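Q: Here's a sequence, model it:
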Amino acid sequence: MMPQSQMFYVTGGSLTIDAPSYIVRRADTDLLEGICAGKLCYVLDCRQVGKSSLMVRCAESLRQRGYGVAVLDLSVSGKNLSVEQWYFGLLVSIGEQLGIEDELEAHWNTRHRLGCVNRLFECIRHEALERYGHKLVIFIDEIDAVASLDFSADELFAAIRACYNLRKNSDTPKDIQFCLIGVAAPSELISDARVTPFNIGTRIELSDFTFNEMRILQNGLPDKCSHLLDRVYYWTSGHPYLSQKLCAALVSTAASTIHDVDHCCTENFLRRGERFQEDNLALVQRRLLAYAQDTPEVLFQYSKIISNKQGFKYDPADRFVQALMLSGVVRIFSSAEGATVVVRNRIYSAVFDSAWIKGAMPDAEQKRQKAALRAGFIRASAIWITLLASLAIAWSQRELRERQAHSYRVEISQQKRTVDGLHHQILSFTEKLTDLKTQYQQSESVTVRTRSDRARLAREKVALLKSIASTEAKLQELNRAVTTAEVRRSTRK
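A: Alright, predicted model coming up:
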């Protein structure tokens, strides 16, 4: 079970009515008094700054004063619904909270000819106003969720404006009262340029905690150390979520020194590579980069804010500054010299710095993609070059083998022709030797009578013997040549 001191802080969702770490701000008084005065109030600010917690406490205070209160959370009303299903879901939620679900549903079923918005408001007026009179307040939380619907919600906000005008122009106001809460600018609530913009009501400013307001958080710290809270404020500048989370981290690590606070801050928010796994930092980044073609202008305006040491003059008509404020990364700082726009706290200054801007610019992503493409091309080229070189080597080796094989075939063929030629010569000389020997034998049988014939015959015999000896020598030479050629052929094989 979590220690009681650690349960003191709440780092996710709305704080309960009795949460010990809830800090009352001026907005608490302004919202309650504004609603009691019959004003249409709206709390339109960035995420995780206490909007829903403020609403929960204000709604409870109104119930204690006899008001009928219903809270509609548009983020859980569904997306893939028809127009009728969506508005009927709102009606059911209102009926459940006011205890008149059956009455509202019965009245809804009798108004089929009306449009969904008129049908919803007619049911609420007929059933709920009869019970609560002018003390009926409907909080609509997460109004920015209407942007994800498959249909326009302009009619809803136009009807809310009509209720406001009816109450404002009546001596005895008796109509539904609304309070709008979410992450949006009033001008974004009605998107149709043909419909009058949503430019009414009272804005409730939800500022970060002052240091004196933050002293309540000291009650949950180890030994209630004030120097730890001082350092928390140094980092968060009173940001509700960041302050609660950093204090909770101090409790879980039993921090006792300023160095411990800095270490916890680094571990939870500033560690590179893990920063945007933290919920709040991820939300701020998504919002900063959610403006499509306007993102470069938003980031350029932010770069001017962080580089202007004298303060960036606040212009309420600057839509890019309004976008930065809704992201939560900047706030308005009021002084005797006027209002300026500054980075909200040191954590945001460290995370969303000039290096982050450079990397977040849309062209930076293109550069990263081009760099990755170039690197991929270089790697692919290296692979292709290696492959082509391998193929070239293989082709060269194949060509060499083919040339060698051709040379071998030519050489074998030449050797064969040589051997065949030698055999032919041997055959020829063998036949010649046989003829010579035959002639010599014939000469031996010849009878001569004269001395001159005997001399001539002797000379012929000598010549035949020389030819026979020469032919036999030639045959021996040819046989040796054949033997040598045959050995070479067998060696090549």
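Q: where's residue 23 relative to residue 362, distance?
A: In this view, residue 23 and residue 362 are 39 Å apart by C-beta to C-beta, to the nearest Å. Just so you know, the C-beta spots here come from the backbone N, C-alpha and C atoms, and that holds for glycine as well.
Q: any idea which helix or strand comes after the helix or strand hosting residue 389?
A: Residue 389 belongs to helix 362-444 when assigned by DSSP states H and E. Under the assignment DSSP H and E, the closest C-terminal helix or strand after helix 362-444 is helix 451-492.
Q: Apart from its neighbours in sequence, what residue is nearest residue 418?
A: residue 485 (5.5 Å; C-beta to C-beta, 6 or more residues apart in numbering).
Q: Could you give the number of residues near that neighbour?
A: Applying other C-beta atoms under 10 Å, we find 19 residues neighbouring residue 485.
Q: quick one, helices of the stretch 251-400 of the chain?
A: Under the criterion DSSP state H, counting those that start in this stretch, the stretch 251-400 of the chain contains helices at 258-265, 279-288, 295-307, 319-327, 346-351, 354-360, 362-444.
Q: which of those is buried the deepest?
A: helix 319-327 (a mean of 21; mean count of other C-beta atoms under 10 Å).
Q: Poorly predicted segments of this protein, please.
A: Flagging of the chain using pLDDT under 70 yields the residue ranges 1-6, 169-174, 192-197, 364-373, 419, 422, 446, 448-449, 488-493.
Q: same thing but at 50, please
A: 1-5 (pLDDT under 50).
Q: how's it carved up into domains?
A: Following automatic domain parsing, the chain resolves into domains at 26-206, 287-360, 363-492.
Q: The first one: end-to-end distance?
A: Looking at domain 26-206, the gap from its leading to its trailing residue is 8 Å under the measure C-alpha to C-alpha, to the nearest Å.
Q: Tell me which of the helices of the stretch 251-400 of the chain approaches residue 127 most closely.
A: helix 319-327 (36.0 Å; C-beta to C-beta).
Q: angle of that closest one against helix 295-307?
A: Put simply, helix 319-327 runs at 80 degrees to helix 295-307, going by axes from the mean of the first three to the mean of the last three C-alpha atoms, to 10 degrees.
Q: got the angle for helix 319-327 vs helix 279-288?
A: 160 degrees.
Q: Show me what helix 319-327 is packed against.
A: Packing contacts for helix 319-327, counted by 3 or more C-beta pairs under 8 Å, 6 or more residues apart in numbering; DSSP states H and E, involve helix 279-288, helix 295-307, strand 330-335, strand 338-343.
Q: Make a markdown table from these and add distance to residue 432 to it.
A: Shown next, in a markdown table, are the helices and strands packed on helix 319-327 (distance: least, C-beta to C-beta, whole Å):
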| stretch | distance to residue 432 |
| --- | --- |
| helix 279-288 | 109 |
| helix 295-307 | 107 |
| strand 330-335 | 120 |
| strand 338-343 | 119 |
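Q: Nearest to residue 82, out of those?
A: Among those, the nearest to residue 82 by C-beta to C-beta is helix 279-288 (29.0 Å).
Q: how about the CA coordinates for that closest one, as CSV?
A: Presented in CSV, the C-alpha positions along helix 279-288 are these (Å, rounded to 0.1, in the frame of the first residue of the first chain):
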residue,chain,number,x,y,z
ASP,A,279,3.0,12.6,-20.4
ASN,A,280,3.0,16.4,-20.0
LEU,A,281,6.1,16.9,-22.2
ALA,A,282,4.6,14.7,-24.9
LEU,A,283,1.3,16.6,-24.8
VAL,A,284,3.0,19.9,-25.1
GLN,A,285,5.1,18.7,-28.1
ARG,A,286,2.1,17.2,-29.8
ARG,A,287,0.2,20.4,-29.5
LEU,A,288,3.1,22.5,-30.8
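Q: Figure out how far it is from the centre of its chain.
A: Centroid displacement of helix 279-288 relative to its chain, using C-alpha atoms, centre = their mean, to the nearest Å, is 14 Å.
Q: helices or strands next to it in the packing?
A: helix 240-252, helix 295-307, helix 319-327.
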